[in-house]
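Q: From the sequence below, what's the structure:
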Amino acid sequence: MDLFFRIIKFGLTGLLGMAIDFGATWLFKEKIKVNKYVANAIGFTLAVTNNYLINRIWTFESTNSHWGTEFSKFLVVSLIGLGLNTIIIYLFHQRKNGTNFYVAKFFAIVIVFVWNFLANMLFTFR
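A: Modelled structure (predicted):
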């Protein structure tokens, strides 16, 4: 049962991170008029930082005093997840002509969610 609740917490944290990512990207791109790619990087960075802090405290209840190393691991897992997401969308959308972009993105989100959860549980916060 503990694993089930960790998965739920991880998912809720991810949803909050997604809102932060989109919100910050919109704010910096549309209101502050920062380059869209810079705005996207700011949104991603704020979301990853937020997700690390919440997952450290709430989801995995880490007491590791080496939080810098732990955050670095979390960032590496997140960047690999971003790469996997892009590759999966490319494979489903570009290579399998006819697959809707958002259907491909949905598959990518599901697969990367599993990757991120397992990698963080077994590597970052073990």
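Q: got any ranges where the protein has weak pLDDT?
A: Flagging of the chain using pLDDT under 70 yields the residue ranges 97-98.
Q: All the helices of it, residue numbers only.
A: With DSSP state H, the ranges of helices along the chain come out as 2-26, 36-54, 67-89, 101-119.
Q: got TSV for the ones you listed, with mean neighbour count and distance to residue 95 too?
A: Where C-beta positions appear, they are placed from N, C-alpha and C, glycine not excepted. Shown next, in TSV, are the helices of the chain (neighbours: other CB atoms under 10 Å; distance: least, CB to CB, whole Å):
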stretch	mean neighbour count	distance to residue 95
helix 2-26	15	26
helix 36-54	17	24
helix 67-89	16	10
helix 101-119	16	10
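Q: Can you pull up the most central residue in the chain?
A: Among the residues of the chain, the one closest to the centroid is residue 78, at 5.5 Å (CA atoms, centre = their mean).
Q: Does it touch residue 119 like I think?
A: No: the pair residue 78 / residue 119 is not scored as a contact, 9.3 Å apart, by CB atoms under 8 Å.
Q: hmm, back to that, now the helices of the chain as JSON lines including distance to residue 126?
A: What follows is these, written out as JSON lines (distance: least, CB to CB, whole Å):
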{"stretch": "helix 2-26", "distance to residue 126": "13"}
{"stretch": "helix 36-54", "distance to residue 126": "15"}
{"stretch": "helix 67-89", "distance to residue 126": "10"}
{"stretch": "helix 101-119", "distance to residue 126": "10"}
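Q: Now the residue nearest to the centre of the chain: closest residue in space that isn't a chain neighbour?
A: In space, residue 78 comes closest to residue 48 once its chain neighbours are excluded; the distance is 4.9 Å by CB to CB, 6 or more residues apart in numbering.
Q: Okay, that neighbour and residue 82: tell me how far apart.
A: Noted for residue 48: a distance of 9 Å to residue 82, by CB to CB, to the nearest Å.
Q: now swap in residue 101 and tell me
A: When distance is defined by CB to CB, residue 101 is 17 Å away from residue 82.
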